[in-house]
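Engineer: requesting a structural model of the entry that follows:
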Amino acid sequence: MNIRLFLSVLLLITLILAIPFVAIQFTNEVNWDLMDFIVAGTLLFWLGILCGYIFFKVHGREKKMTIIILIVLVFILVFMELAVGIFGTWFAGS
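Structural biologist: Next up is the predicted model:
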């Protein structure tokens, strides 16, 4: 794996997770604990690594974009399920 990709993913995750961290300081509407940050960070880490891997290893622009879009959609569905339990699975957060 490219070390620049790895560091870029970590930096982007840190910036994304800084948003709810700062929001916690100013409002009671955002109610995240340490486990929420760990789960969100893990999901974002694997999203970044998978998209980077696909970007460098798959040939063909349409094929790359299709796979990356599918990965992002799966990420969004899993995140939504963990956040509010849209599908009512046993690991839902609601």
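Engineer: got a list of contacts for stretch 16-29?
Structural biologist: Stretch 16-29 is touched from outside by 30-32, 36-37, 40-41, 44, with contacts defined as Cβ atoms under 8 Å, 6 or more residues apart in numbering. For glycine as for every other residue, the C-beta is placed from the backbone atoms N, C-alpha and C.
Engineer: just the buried ones from those, in PyMOL syntax?
Structural biologist: Buried residues among the contacts of stretch 16-29 (16 or more other Cβ atoms under 10 Å), as a PyMOL selection:
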select buried, resi 36+40+44
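Engineer: most widely separated two among the contacts of stretch 16-29?
Structural biologist: N31 and L44 (19.3 Å; Cβ to Cβ).
Engineer: low-confidence ranges, the protein, go.
Structural biologist: 1, 93-94 (pLDDT under 70).
Engineer: try it again at 80.
Structural biologist: 1-2, 85-94 (pLDDT under 80).
Engineer: ranges for the helices of it?
Structural biologist: Using DSSP state H, the helices of the chain run over residues 3-26, 34-57, 61-84.
Engineer: and the angle for the last one with helix 34-57?
Structural biologist: Between the axes of helix 61-84 and helix 34-57, defined by axes from the mean of the first three to the mean of the last three Cα atoms, to 10 degrees, the angle is 170 degrees.
Engineer: helices and strands around helix 61-84, which ones?
Structural biologist: Contact partners of helix 61-84 among helices and strands, from 3 or more Cβ pairs under 8 Å, 6 or more residues apart in numbering; DSSP states H and E: helix 34-57.
Engineer: the helices of the chain: which one's closest to F91?
Structural biologist: When these are compared by Cβ to Cβ, helix 61-84 sits nearest F91, at 7.0 Å.
Engineer: where does the residue lying farthest from the centre of the chain fall, phi/psi-wise?
Structural biologist: Of all residues in the chain, G60 has its C-alpha farthest from the mean position, at 24.6 Å, by Cα atoms, centre = their mean. Main-chain torsions, G60, degrees, to the nearest 10: phi 100, psi 120.
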